[in-house]
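A.B. asks: Need a 3D model of the sequence below.
(2 chains)
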Amino acid sequence: MLDGGVIEKPGTSTENKTGDWRTDKPIVDYSKCIKCGICWMYCPDNAIKWENGLPVWDFDYCKGCGICAQECPAKAITMVREEK
Amino acid sequence: MIVGETSHVVAHAVKLCRPKVFAVYPITPQTHIVEALAEHVANGELDAEIIYADSEHSMFSAIVGAYAAGVRAFTASSSQGLALAHEVLHILSGMRLPAVFVAANRALSAPINIWGDHSDAMTSRDTSVMQFFAKNAQEAHDMVIQAYKIAEQVNLPAMVNIDGFNLSHLYEPVEAATQEQVDSYLPEFKPKFKLDPANPILMGPIGTPDNYMEIKHRQHLAMEHAREIIRKEMKSFKTVFGRDYRDGFVELYHTDRKTVLVAMGTLASTIEDMIDNGADFGLLRIRTFRPFPHRDIRNALKSAEEVVVFDRAYSYGAGGPLYIETKSALYGTNKKVRNAIVGLGGREVSPSSILKAVNSKEDEVWVDNYDSWIA
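C.D. replies: Residues are numbered from 1 along each chain as shown, chains lettered A, B, ... in the order given. Purely as a prediction, here's the structure:
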């Protein structure tokens, strides 16, 4: 609603894909991944899912902060500039 | 008819409007209002929650919360208190919450000064809060009731200004409203939106560059719509209470004269008295400062040749705020418009200081005389 910016129903944040805020994109090299789950634990946006024993990024919501790449003990994640 | 201090009379009017919450923090010269309200609650005459806040910032924030929860609320402040709460005034109006509060107008520090002038109101003028200025106790009492009625139709906050000490501490006879009158004038508060667990909404979210401007434009339209509502509500007020505030924006007194003075608040009462005692100028009193009555001023001053605008505040590097806005209302006319700065920090504004300003040929004059005291 334009009066006061009120949002009239709950849960609308799921409709807003925030992945397009991203400048750098995390790319994982699964051959180096030790499946420790530290990236999954550190992701501030819950954008890393654990599927079939491996971390998988949800790029609809990943904002490219780079925390996963910074924390990865195996240095398996690289931040790559994303061209749109 | 009762005789009372304006603060107590205002508290009486607030009580009749049945606020469910009021938040308090003491500051001179406003404190008597909320003290009186607390007494009404203690005596069982008013069923309201009192929130004793830690500062005016938290006090006004509590009012945001009360309105977000969907109840009518009240608070009052002055000077540094309003300055401290300044950002919350923007939040009240931006969230479109129709809060009503009284400002017992007082000077701003430094130098520290507890006495009256309009600096606090003028500092708040761009907050999108409607502003009304009372000239006497009766009008202060009536304005509170009108303010709730107007604010709740346009979803903008309203500030009732009473001159610190000159009005807030003045004892005058007043025709006090009855509960029946107020109940027939002011319906039960029905918020446009409220926080309710059964129907969740989000209030006060981020406004991004994609939507901030549209939200603010709606706010501007609401303030413009208030012009119509104010006119309408003055008529319905007259029907219920019998007192006539015309269209609610300006009060005219011999404005067909060559020289017309423009003023707000109790200062206008002094000028009115001078006119009654033979002064040859007219008076245009601005009663509603936000929304500003450009058209009413232009119409009222059609025949005036010289206009002297009295300010009890100053915009340093620019001029008196009321002068600047009156001049913009008169843009394109060939009237001589002059500015008199008077009564800062509680300095006495006597008839002799008003005459001194009128007789000055300067475009801007700061009148600082104490003649009337010595005489």
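A.B. asks: Centroid-nearest residue for chain A?
C.D. replies: The residue lying closest to the centre of chain A (CA atoms, centre = their mean) is A:Cys62, at 2.8 Å.
A.B. asks: Check which helix or strand it maps to.
C.D. replies: A:Cys62 belongs to no helix or strand when assigned by DSSP states H and E.
A.B. asks: Kindly report the residues of chain A close to chain B.
C.D. replies: Within chain A, the positions near chain B by CB under 8 Å from any CB of the partner chain are A:Met1, A:Leu2, A:Asp3, A:Gly4, A:Gly5, A:Val6, A:Ile7, A:Glu8, A:Lys9, A:Pro10, A:Thr12. C-betas here are computed from N, CA, C, even on glycine.
A.B. asks: Least confident of those residues?
C.D. replies: Across the residues of chain A next to chain B, the bottom pLDDT score, 73, is held by A:Met1.
A.B. asks: I'd say that one and B:Met203 touch.
C.D. replies: No: here A:Met1 does not reach B:Met203: they are 10.0 Å apart, not a contact under CB atoms under 8 Å.
A.B. asks: Neighbour count: the two, which is higher?
C.D. replies: Legend: neighbour count by other CB atoms under 10 Å in any protein chain shown for A:Met1 and B:Met203, higher for B:Met203 (17 against 13).
A.B. asks: Now do the shared contacts for A:Met1 and B:Met203.
C.D. replies: B:Phe193 (CB atoms under 8 Å, 6 or more residues apart in numbering or on different chains).
A.B. asks: Does B:Phe74 belong to a helix, a strand or coil?
C.D. replies: Secondary structure, DSSP: H, G, I helix; E, B strand; the rest coil: B:Phe74 is strand.
A.B. asks: coming back round to it: just to check, the residue nearest to the centre of chain A is in contact with A:Gly19?
C.D. replies: Yes: the criterion here is CB under 8 Å, and A:Cys62 meets it with A:Gly19 at 5.7 Å.
A.B. asks: count of neighbours near residue 64?
C.D. replies: All of this is about chain A. A:Gly64: 21 neighbours (other CB under 10 Å).
A.B. asks: meant chain B actually
C.D. replies: Counted with other CB under 10 Å, the neighbours of B:Val64 add up to 20.
A.B. asks: what does B:Arg312 give?
C.D. replies: Neighbour tally, B:Arg312, other CB under 10 Å: 31.
A.B. asks: near chain A, which residues of chain B show up?
C.D. replies: Checking chain B against chain A by CB under 8 Å from any CB, the hits are B:94-97, B:155, B:192-193, B:200-205, B:207, B:211, B:214-215, B:217-218, B:222.
A.B. asks: Residue 10: which element?
C.D. replies: The chain I'm using is chain A. Using DSSP H and E, A:Pro10 falls outside every helix and strand.
A.B. asks: actually it's chain B I care about, not the one you picked
C.D. replies: Counting by DSSP H and E, B:Val10 is found in helix B:6-16.
A.B. asks: now the very next helix or strand once past that helix, how far from the chain's geometric center?
C.D. replies: Under the assignment DSSP H and E, the closest C-terminal helix or strand after helix B:6-16 is strand B:21-24. Taking CA atoms, centre = their mean, to the nearest Å, one finds the center of strand B:21-24 at 19 Å from the center of the full chain.
A.B. asks: Would you mind pulling up the elements that strand B:21-24 packs against?
C.D. replies: helix B:31-42, strand B:49-52, helix B:56-68, strand B:73-77 (3 or more CB pairs under 8 Å, 6 or more residues apart in numbering or on different chains; DSSP states H and E).
A.B. asks: Recalculate using a threshold of 10 Å.
C.D. replies: helix B:6-16, helix B:31-42, strand B:49-52, helix B:56-68, strand B:73-77 (3 or more CB pairs under 10 Å, 6 or more residues apart in numbering or on different chains; DSSP states H and E).
A.B. asks: Who does it pair with, and is each partner parallel or antiparallel?
C.D. replies: Applying DSSP bridges to the sheet, strand B:21-24 is found paired with strand B:49-52 (parallel), strand B:73-77 (parallel).
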